[in-house]
Each structure stands twice: as structure tokens, then as C-alpha cells.
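Peer 1: Please find the sequence and the predicted model below.
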Amino acid sequence: MSSTIKELGEKSMRRDWIGHLCQASAISALYCALLPFSVSATPSGGDIFKNNCAACHASGGNIVDPKKPLKGSKKLANKEMFKDLLSKPAGAMPAFPKIVEDDPSLSALYDYCKSLK
Ligand code: HEC
């Protein structure tokens, strides 16, 4: 009697284990399927600029405050300063927390801004 109970227990444990294995491989299969998508989904610096900055900084200028153009700005001296500016901007410029939190986007945008001349 006791051995039957033990056997039953073992069987259900094995079923649980197989269940977990299936779940784990389903998750990793999903992850693998999504991975190439998320890699190629990182937008280019030019796209990020067009969508977030160009309204005020068309062609690297500044239509709100023409004395403070983006191109050649000291705030582009290094990525840390650029990150600071987008986190806590001065004057009428809005903050861009989503770009700041996503390092690949921040780098792509930074490189693009540096390339404006
Ligand atoms: C709503 C308009 C607006 C948007 C959108 C905007 N900016 Fe600005 N930006 C400004 C204004 C106004 C200033 C000047 C702030 C000040 O008074 O110092 C500025 C200043 C800057 C400067 C520093 C210029 C300098 O040397 O004084 C940089 C660099 C910059 N912006 C980059 C960006 C980037 C990159 C984006 C997009 C992620 C962006 N801005 C989006 C309005 C904007």
C-alpha cells in the first residue's frame, strides 16, 4: 500500500518535471524568436533624432532659441554630458527619459548629433 502511494507520488513528480521542462523550452524558444527582432528594432540615431529632436533642432539648429544650436554644442563634448542634458535639460527643452534609459538608443543618437556639422 505504502509503495503504491510512493509510486503515485513519483509519477506525478515526473509529470511535473516534464511540465516544467516543456515550459522552460517554450520560453526559451519564444525568447530566441524575439531576440533577432529586438536587436534589429534598435532605431538608428537619425530616426531617433527625426522623431524626437528635429521639431526644434532641424538641421542641427534651434528654432526655439537660435543662439543655442545643437550642432557644435559643448553639451556634445562627451556622452555623459549629453546624457545629463537629456535627463535634466535647460530652458525650454523637454527631458527624454526613454532615450536616457536605453543605452543603445542614447549612443546612436549621440553619434548622430556629433556627426551634424
Ligand atoms: C521643444 C523643443 C526642443 C526639443 C524637442 C529638443 N530640444 Fe534641445 N534644446 C531646446 C532648447 C530651447 C534649447 C536651449 C536650452 C537652454 O536654454 O539652454 C536646447 C538645447 C539643446 C542642446 C544644447 C545646445 C547648447 O549648446 O546650448 C543640445 C545638445 C540639444 N538641445 C539636443 C537635443 C536633442 C538630442 C533632442 C532630442 C532628443 C532635443 N534637443 C530636443 C529645445 C528642444
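Peer 2: Right, received. Where do you want to start?

Peer 1: Does residue 110 touch residue 76 like I think?
Peer 2: Yes: counting by C-beta atoms under 8 Å, residue 76 is a contact partner of residue 110 at 7.4 Å. In short, each C-beta sits where N, CA and C put it, glycine included.

Peer 1: ok, these two, which is more surrounded?
Peer 2: Remark: of residue 110 and residue 76, residue 110 carries more neighbours, 20 against 16, as counted by other C-beta atoms under 10 Å.

Peer 1: before we move on, the earlier item: return every residue with contacts to both of residue 110 and residue 76.
Peer 2: residue 82 (C-beta atoms under 8 Å, 6 or more residues apart in numbering).

Peer 1: Kindly report the domain assignment for the chain.
Peer 2: 1-41, 45-115 (automatic domain parsing).

Peer 1: now residue 63: how far from the ligand?
Peer 2: Remark: distance between residue 63 and the ligand (C-beta to the nearest ligand atom, to the nearest Å) = 8 Å.

Peer 1: Quick check: which element contains that residue?
Peer 2: Using DSSP states H and E, residue 63 sits within no helix or strand.
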